[in-house]
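**Student:** Got a predicted structure here, sequence first:
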Amino acid sequence: MTAEQVQQYIKLASRKAFIICHSGNDWKPEYEGELQQINQELTLLRPLVDAEHAKRKELERCSQQQKQY
């Protein structure tokens, strides 16, 4: 995952959280379309995030094995 992809994912997740937190009295009709777009982009980035998590788990597993020896 590139730095730009990480930055984009964080930006989208942050914006989504903001909209959800303000979904009560401050709800604006345009949020619906924006949320749909954010969800589509997050869906495209999610496999990359999952791959990074898998790499990290593998590195942690290897690190633990090295400590045992």
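**Tutor:** Okay, I see it.

**Student:** Could you list every helix and strand that the lowest-mean-pLDDT helix or strand in the chain packs against?
**Tutor:** For the chain, using mean pLDDT, DSSP states H and E, the weakest element among its helices and strands is helix 30-68, scoring a mean of 91. For helix 30-68, the packing partners by 3 or more Cβ pairs under 8 Å, 6 or more residues apart in numbering; DSSP states H and E come out as helix 3-21. (Glycine included, C-beta is placed from N, CA and C.)

**Student:** can you give me the angle the helix it packs on makes with helix 30-68?
**Tutor:** 130 degrees (axes from the mean of the first three to the mean of the last three Cα atoms, to 10 degrees).

**Student:** would you put the C-alpha positions of helix 3-21 in CSV?
**Tutor:** Taking Å, rounded to 0.1, in the frame of the first residue of the first chain, the C-alpha atoms of helix 3-21 are listed here in CSV:
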residue,chain,number,x,y,z
ALA,A,3,1.6,6.3,1.3
GLU,A,4,-0.9,8.1,-0.9
GLN,A,5,-3.3,5.1,-0.5
VAL,A,6,-2.9,5.1,3.2
GLN,A,7,-3.5,8.9,3.3
GLN,A,8,-6.6,8.5,1.2
TYR,A,9,-8.0,5.7,3.3
ILE,A,10,-7.5,7.7,6.5
LYS,A,11,-9.1,10.8,5.0
LEU,A,12,-12.1,8.8,3.8
ALA,A,13,-12.5,7.0,7.1
SER,A,14,-12.2,10.3,9.0
ARG,A,15,-14.8,12.0,6.8
LYS,A,16,-17.2,9.1,7.2
ALA,A,17,-16.8,9.2,11.0
PHE,A,18,-17.5,12.9,11.0
ILE,A,19,-20.7,12.5,8.9
ILE,A,20,-21.9,9.6,11.1
CYS,A,21,-21.2,11.6,14.3
